[in-house]
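Novice: need a 3D model of the sequence below.
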Amino acid sequence: MESTFDIFRRLPNGNPLWVAAVKGFKAAKEKMALEAADSPGEYFIFSEGNIVAKFSTVVEEQVDAA
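Specialist: So this is what the prediction gives:
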């Protein structure tokens with residue numbers, strides 16, 4: 001029996017937004033990548049109380065200390 005994984009998107013304020021529940025880790029990773037392609041941002045897969053994978057299309061800016 002395959003486990004169910006929850007996919008979340010991290011909102012700009014840092015809060016998570018539930019996107020979907022998917023059976024199987026491979027299917028969850030594929031769904032997360034598709035969601036990120038449609039709506040860029042930070043996503044993670046959650047299962048049994050832990051984040052088990054992350055994906056981000058966000059490019060962080062580097063600040064010069066000069």
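
Novice: what residue is smack in the middle of this structure?
Specialist: Within the chain, the residue whose C-alpha comes closest to the C-alpha centroid is Tyr43; the distance, by CA atoms, centre = their mean, is 1.8 Å.

Novice: tell me the phi and psi of Gly41?
Specialist: Note on Gly41: backbone dihedrals following degrees, to the nearest 10 are phi 160, psi -160.

Novice: return the residues in contact with it.
Specialist: Taking CB atoms under 8 Å, 6 or more residues apart in numbering as the criterion, Gly41 is in contact with Arg9, Arg10, Ser56, Thr57, Val58. From N, CA and C alone the C-beta is placed, and that goes for glycine too.

Novice: and the gap between it and Met1?
Specialist: In this structure, Gly41 lies at 31 Å from Met1, with CB to CB, to the nearest Å as the measure.

Novice: what's the answer for Leu17, then?
Specialist: Taking CB to CB as the measure, Leu17 falls 28 Å from Met1.
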